[in-house]
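Dropping a prediction and its sequence here:
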Amino acid sequence: PVSLFPKMADDRERGGRDRVQSESASLGGSEDQDSFVNGHDEPDFSDPEDYVDSITDEELLGDILKQKPKEADGIDSVIVVDSVPQVGPERLEKLQNVIRKIFSKFGKIVSEYFPEENGKTKGYIFLEYSSPANALEAVRNCNGYKLDKQHTFAVNLFSDFDKYSSIPEEWEPPETQPYKDPGNLWYWLEDAECNDQYSVIYDGGERTAIFLNTYGGTEQSLVEERARWTETYVRWSPKGTYLATFHQRGIALWGGEKFRQIQRFSHQGVQLIDFSPCEKYMVTFSPLIDSKDEPQAIIIWDISTGGKRRGFHCENAAQWPIFKWSFDGKYFARMGQDSLSVYETPSFGLLEKKSMKIPNIREFFWSPTDNIIAYWTPEKDNIPARVTLLEIPTRLEIQTKNLFSVADCKIYWQKQGDYLCVKVDRYTKSKKGLFYNLELFRMREKQIPVDVVEVKEVVNAFAWEPNGEKFVVLHGESPRINASVYKMSNKVELLKCMEKKQANHIFWSPQGQFVVLAGLRSMNGALEFIDTNDMTVMNVAEHFMATDVEWDPTGRYVITAVSWWGHKVDNAFWLWSFQGRLLHKQNLDRFCQLLWRPRPPSPLTAAQIKKIKKNLKQYQKQFEIKDKMRMSKASKELVEKRHAMMQDFEKYRKKKRELCRQQKEQRLALRGGVDTDRLDSDAENVEEETVEFFVKEETIVVSK
């Protein structure tokens, strides 16, 4: 170990010689020393020749030996970097600049030492940071850092010197660590009333809270609240298991009943994240850390272990996510220059070890339920534009559609994967105008037939019904924007065209049937709640300057919000029923973001769900009782007070019945043995009176 640190070893040896010389001088030379040691006046403390000392120094001087200086004392801020290129004086300055650029990201470097031998560096260096925390962060992030093909850094704390020098000769297996139970990560699904949670960021991002939507949306119960829980925003995982918070040094995942920290991932300057649908993997992006030989801009992590699985370069993060996942998390893909790269898990290597060459590929999306990729390529020379459906992992093209005079395309999958829509913007023959086609692929039918719907007006928005066969299109120029509802029956059927709608966004209920047409931001928050089964407009309302609309996972409630990030005044969120009835208003200072907590897919089969719907009347009475209690004008406090009074009355009645039982013998004696308790009451003298009282009046205006 001394040979690893020659400068420190030399200093230590030189310091020892100087100390001996100074002590010798202070004692007046060698003669004085001899007289001091061998003086006749001193008693002899020598042990007998046959004496065996059985007491160790540790037993005799344990307290003093604990204070013995160690070589590693005071150097917790020093790191040792091994596998550094060995260079001469002419390249030393360049090497030092490279080292400083890499390691100065983790803190201020106070000093550095590049040991040399025979005119070249030795291949290892010492760096001292201003604090031990900076040194530890450098070790975590740079150990294993690949500088080039021949040099991969091995970075350790210098304070680990003692640990590595005291390794026993014989290997001993490590102790089995106890399992750390994270608790029930899906506890919120056990709520008997199926109440949903949602996260709220307010106070300009300073505070984050989790609320529970209770009592039919009329009350919001606080579950957890913390200051500076995140530095930017939060995000739920796809199944709602984890809450991700953003920090300068990386991402933290929280979960369980008390929202304890489940895992953390170190990625300096992280800005964007994405999850695989199965919640096994997480993708993070940071623009701060990257190198030519060791990709660090995009990192894929294993959520359960917290380990890094693979890193990637990122030239442009304007379109996030860079990687798009298959529905089952077995594959993920990214689009490159004239190529599509598909990777497989858990190896994280290229499928068949090569990318697919697809000239001019513009956009691609995975099917939500199958390992099928839909992508499109534009026209070039005499080759038409093309939409292709590609099966993975076979790479078989199961359907292609050639398109002509194409200006742009947008791809929309239906949530169940039954249909695919490609919105095609096409040039007119004069090339001076545009018209629009909807190419509709029927994925479950043989040979995947394609229907075409032509729209002459500009298409502003398109959205599939999540669990059904309908879709809505917003088309036309403001103020004459029309909303057309279509159905994919034997042929594409136009159910209704609703004219002059003030809307620029479409929000379907997660369960289908109900849709909200919203005019956000510039359209002043106009809202229209529509039942697409009979095309009834259930309500027309407005949330002025609304910036966001969010359905809850069950489709029972919808929230509209004015975010401080988009509008600096009137920051609040409003809670509506699916019918458009306003249930609750919540004003929060500098409210920023609201996200409903997702629910995992139901474990029930389609047949079981159908059976429940068929027998729904069996449960209708108990639901009606609960609904009446919620709709009652009596407040929650009054109901609780009545319950308490009823309990007091029951205790009082029980007490009096017991007293009546104890006094029965006295009553019999006073009444000549006649048991008056058993005599029938005089029914003729009893009058029955029915009292009715006004509870509530409600008026709902339904427009057609």
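Sure, I can see it. Numbers count the residues shown, from 1 in each chain.

Neighbours of Cys278, how many?
Neighbourhood size, Cys278 [other Cβ atoms under 10 Å]: 16. In this view, the C-beta of every residue, glycine as well, is placed from N, C-alpha and C.

Kindly report the same for the one 10 residues further on.
By the measure other Cβ under 10 Å, the count of residues near Leu288 is 13.

Distance check, it against Glu315.
Leu288 sits 15 Å away from Glu315, going by Cβ to Cβ, to the nearest Å.

Same check on His543?
Distance of His543 to Glu315, computed by Cβ to Cβ: 40 Å.

neighbour count winner among the two?
Relative neighbour count places His543 above the other of His543 and Glu315, with 25 against 9, counting by other Cβ under 10 Å.

got a list of what the more buried one touches?
Residues in contact with His543, defined by Cβ atoms under 8 Å, 6 or more residues apart in numbering, are Gly525, Leu527, Thr560, Ala561, Val562, Trp574.

For the fifth one, grab phi and psi.
With angles defined as degrees, to the nearest 10, Val562 shows backbone torsions of phi -110, psi 110.

swap in the first one?
Per-residue torsions, Gly525: phi 80, psi 30 (degrees, to the nearest 10).

and what of Ile373?
The phi and psi values for Ile373, taken as degrees, to the nearest 10, are phi -110, psi 130.

Quickly list what it is bridged to.
Using DSSP bridges, the bridge partners assigned to Ile373 are Trp366, Leu390.

as a whole number, average confidence for the longest helix along the chain?
For the chain, the helix reaching the highest residue count under DSSP state H is reported as helix 636-662. Per-residue pLDDT over helix 636-662 has a mean of 89.

what bits of the stretch 301-450 of the chain have low per-residue confidence?
Low-confidence regions of the stretch 301-450 of the chain, defined here as pLDDT under 70, cover residues 317.

which residues of it fall in helices?
In chain order, the stretch 301-450 of the chain shows no helices, with DSSP state H, counting those that start in this stretch as the criterion.

Now do Pro182, the pLDDT please.
In this prediction Pro182 is given a pLDDT of 83.

I should have written Lys280 there, sorry.
With respect to pLDDT, Lys280 scores 95.

same deal with Asp148?
pLDDT, Asp148: 86.

can you give me phi and psi for it?
Backbone dihedrals for Asp148, given as degrees, to the nearest 10, come out at phi -160, psi -170.

could the contacts of His543 go into TSV alongside neighbour count?
Written out in TSV, the entries for the contacts of His543 read as follows (neighbours: other Cβ atoms under 10 Å):
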residue	neighbour count
Gly525	24
Leu527	25
Thr560	25
Ala561	26
Val562	24
Trp574	20
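
so can I have a markdown table of the residues you listed showing distance to Ser430 and pLDDT?
As requested, the contacts of His543 are exported to a markdown table (distance: Cβ to Cβ, whole Å; pLDDT from 0 to 100):
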| residue | distance to Ser430 | pLDDT |
| --- | --- | --- |
| Gly525 | 39 | 93 |
| Leu527 | 39 | 96 |
| Thr560 | 43 | 97 |
| Ala561 | 44 | 96 |
| Val562 | 44 | 95 |
| Trp574 | 47 | 96 |
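
Can you get me a residue count around the closest residue to Asp370 other than its chain neighbours?
With Cβ to Cβ, 6 or more residues apart in numbering as the criterion, Asp370 has its nearest non-adjacent residue at 5.5 Å, and that residue is Gly417. Around Gly417 there are 16 other residues, counting by other Cβ under 10 Å.

Would you agree Gly417 is in contact with Met443?
Yes: with contact taken as Cβ atoms under 8 Å, Gly417 and Met443 are classed as touching, separated by 6.1 Å.

which residues of this structure fall in helices?
Across the chain, reading from the start of the chain, the helices by DSSP H fall at 6-26, 29-37, 57-60, 62-66, 89-103, 132-142, 161-165, 606-614, 620-631, 636-662, 664-670.

Let me see the mean pLDDT of the third one.
Read that as helix 57-60. When pLDDT is averaged along helix 57-60, the result is 68.

likewise stretch 457-465?
The model assigns stretch 457-465 a mean pLDDT of 95.

can you check stretch 501-518 too?
Per-residue pLDDT values over stretch 501-518 give a mean of 95.

picking that back up, got the angle between the longest helix of the chain and helix 620-631?
Direction vectors for helix 636-662 and helix 620-631, defined by axes from the mean of the first three to the mean of the last three Cα atoms, to 10 degrees, enclose an angle of 110 degrees.

Let me see the contact set for the nearest residue to Trp320 once chain neighbours are set aside.
The shortest distance from Trp320 to any residue other than its chain neighbours is 5.2 Å, reached at Leu272 (Cβ to Cβ, 6+ apart). The contact partners of Leu272, by Cβ under 8 Å, 6+ apart, come to Thr284, Phe285, Ala317, Trp320, Pro321.

now the strands for the stretch 51-200 of the chain?
In the stretch 51-200 of the chain, strands defined by DSSP state E, counting those that start in this stretch lie at 78-82, 109-113, 116-117, 120-121, 124-129, 154-157, 197-202, listed in chain order.

want to throw these into CSV with mean pLDDT?
As requested, the strands of the stretch 51-200 of the chain are arranged in CSV below (pLDDT from 0 to 100):
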stretch, mean pLDDT
strand 78-82, 93
strand 109-113, 91
strand 116-117, 91
strand 120-121, 92
strand 124-129, 92
strand 154-157, 90
strand 197-202, 96
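
can you count the residues close to the nearest residue to Leu440 once chain neighbours are set aside?
Ranked by Cβ to Cβ, 6+ apart and with sequence neighbours excluded, the top spatial neighbour of Leu440 is Asp451, at 4.3 Å. The local packing count at Asp451 equals 15, with neighbours defined by other Cβ under 10 Å.

Give me the distance between Asp451 and Arg657.
When distances are taken as Cβ to Cβ, Asp451 and Arg657 turn out to be 76 Å apart.

cool, and Glu477?
With the distance defined as Cβ to Cβ, Glu477 ends up 79 Å from Arg657.

swap in Phe514?
From Phe514 over to Arg657 (counting by Cβ to Cβ), the distance is 54 Å.

Glu137 reaches Ser130, doesn't it?
No: Glu137 sits out of contact with Ser130 when judged by Cβ under 8 Å, with a separation of 12.0 Å.

got any residues that touch both of these two?
In the contact map built from Cβ under 8 Å, 6+ apart, the residues linked to both Glu137 and Ser130 are Gly107.

Same drill for these two, tell me which one is more crowded.
Of the pair Glu137 and Ser130, Glu137 is the one with more neighbours under other Cβ under 10 Å, namely 18 against 12.

Tell me how many other residues crowd the nearest residue to Ser509 once chain neighbours are set aside.
Closest residue in space to Ser509, ignoring its immediate chain neighbours: Gly555 at 3.9 Å, by Cβ to Cβ, 6+ apart. Residues near Gly555, counting by other Cβ under 10 Å, number 17.

With the one 4 residues further on instead?
For Ile559, the count of nearby residues is 23 (other Cβ under 10 Å).

Please apply the same query to Gln513.
Summarising burial for Gln513: neighbours were counted as other Cβ under 10 Å, giving 18.

In contact with it, which residues?
Contacts for Gln513 were tallied using Cβ under 8 Å, 6+ apart; they are Glu465, Gly468, Asp531, Thr532, Asn533.

Could you tell me how far it is located from Ile506?
In this structure, Gln513 and Ile506 are separated by 14 Å, where distance is defined by Cβ to Cβ.

and what of Trp254?
Relative to Ile506, and taking Cβ to Cβ, Trp254 is found at 33 Å.
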